[in-house]
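Asks: sharing a model prediction with you, sequence too.
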Amino acid sequence: MALVMPLREAVSEFVRDGDTVALEGFTHLIPHAAGHEIIRQGRKNLTLVRMTPDLIYDQLIGMGCAGKLIFSWGGNPGVGSLHRFRDAIERGWPQPLAYEEHSHAALANAYVAGASNLPFALLRGYTGSDLPKVNPNIRFIECPFTGEKLAAIPSIRPDVTVIHAQKADRRGNVLLWGIVGVQKEAVLAAKRAIVTVEEIVDELDAPPNGCVLPRWTLSAVCHVPGGAYPSYAQGYSERDNRFYQRWDAVARSREDFTAWMDRHVRNTADFEEFKRVLAETARQEAA
């Protein structure tokens, strides 16, 4: 049952060293503020799951929070590589990173299987792909009814799923809309779930095709306006494309990356201070 609480308390209570953690959001509603709080609290040896790991996973990996990554695409959207992710894979810095790569379709089905309390997911896929050669968790079984060969992968059942959404009501029910990826499935598959939201309201006033997560599916709701930045929240904020472009230069060297993370994340108390320090950095660079 969802409790409305500060983000710092939610991460402290519900995210533990060694957990499997999914921070989901597709194109928008990416829970950057929650990822930063996980870094501030120094969580270690996490198995990170995400269909499209981008900047926040680059940061989590580079700060040594991750021991393994389960994913289906990784990169800085529209810009290029994730340099901290590559450094961990290619050179083991700041520590070696195990990884398990899937297709988008397979990972989405794995969340659905987890939400359905099933041990594995089935799909028509991977035909002609080389992924089964490098991922032992992609296997093939024969349909007992038709004899058809189908791909099977383990279900995804995170210890914690973290998402960002537009609204929550005061009882802890959450509403999100726009480009909705696998947030609903990732929440329903998880043992615990944290949602950061743009605002807390008396009534959700859900639009047609909006996704409502009832309070009994969640552990914590946290009021964090702008908590998806630099991604966007439809109806509330726009994507900061220049941040994604600047990140490429910041993340290329270990020294620049560490200095940036110390200044903007580790040495800030919360997301509000992060935004103030980021604005100060922008003013200094423009001067």
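Replies: Nice, I can see it.
Asks: measure residue 195 to residue 181 for me?
Replies: Going from residue 195 to residue 181 by Cβ to Cβ, to the nearest Å gives 15 Å. The C-beta positions use only the backbone N, C-alpha and C, and glycine is treated the same way.
Asks: higher neighbour count, those two?
Replies: Of the pair residue 195 and residue 181, residue 195 is the one with more neighbours under other Cβ atoms under 10 Å, namely 29 against 21.
Asks: that one contacts residue 167, doesn't it?
Replies: No: Residue 195 is beyond contact range of residue 167, at 10.1 Å (criterion: Cβ atoms under 8 Å).
Asks: hey, what's in contact with both of these two?
Replies: residue 174 (Cβ atoms under 8 Å, 6 or more residues apart in numbering).
Asks: show me the contacts for residue 217.
Replies: 187, 188, 193.
Asks: Throw the residues you listed into a markdown table and include distance to residue 249, thanks.
Replies: Shown next, in a markdown table, are those (distance: Cβ to Cβ, whole Å):
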| residue | distance to residue 249 |
| --- | --- |
| 187 | 35 |
| 188 | 39 |
| 193 | 35 |
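Asks: can you select the buried ones from the residues you listed in ChimeraX?
Replies: To isolate the buried ones among the contacts of residue 217 in ChimeraX, judged by 16 or more other Cβ atoms under 10 Å, type:
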select :187,188,193
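Asks: closest one of the contacts of residue 217 to residue 267?
Replies: For the contacts of residue 217, the minimum distance to residue 267 (Cβ to Cβ) is 28.7 Å, reached by residue 193.
Asks: the closest one should be in a strand, yeah?
Replies: Yes: counting by DSSP: H, G, I helix; E, B strand; the rest coil, residue 193 is found in a strand.
Asks: residue 277 versus that one, what's the distance?
Replies: To residue 277, residue 193 is 29 Å away according to Cβ to Cβ.
Asks: same question for residue 195.
Replies: Taking Cβ to Cβ as the criterion, residue 195 is separated from residue 277 by 25 Å.
Asks: now do the contacts for the spatially closest residue to residue 96 that is not a sequence neighbour.
Replies: Among residues not flanking residue 96 along the chain, residue 88 sits closest, at 7.1 Å (Cβ to Cβ, 6 or more residues apart in numbering). Going by Cβ under 8 Å, 6+ apart, residue 88 touches 61, 62, 66, 94, 95, 96, 97.
Asks: of all those residues, which two lie farthest apart?
Replies: Farthest apart among the contacts of residue 88 by Cβ to Cβ are 62 and 96. That separation is 13.5 Å.
Asks: can you tell me the element residue 281 falls in?
Replies: helix 271-286 (DSSP states H and E).
Asks: what's the local residue count around residue 117?
Replies: By other Cβ under 10 Å, 10 other residues sit near residue 117.
Asks: state the distance from it to residue 193.
Replies: Distance, residue 117 to residue 193, using Cβ to Cβ: 16 Å.
Asks: equivalent analysis for residue 210, please.
Replies: 18 Å.
Asks: ok, residue 272 next?
Replies: In terms of Cβ to Cβ, residue 272 sits 23 Å off from residue 193.
Asks: what's the answer for residue 254, then?
Replies: Separation of residue 254 from residue 193 (Cβ to Cβ) stands at 33 Å.
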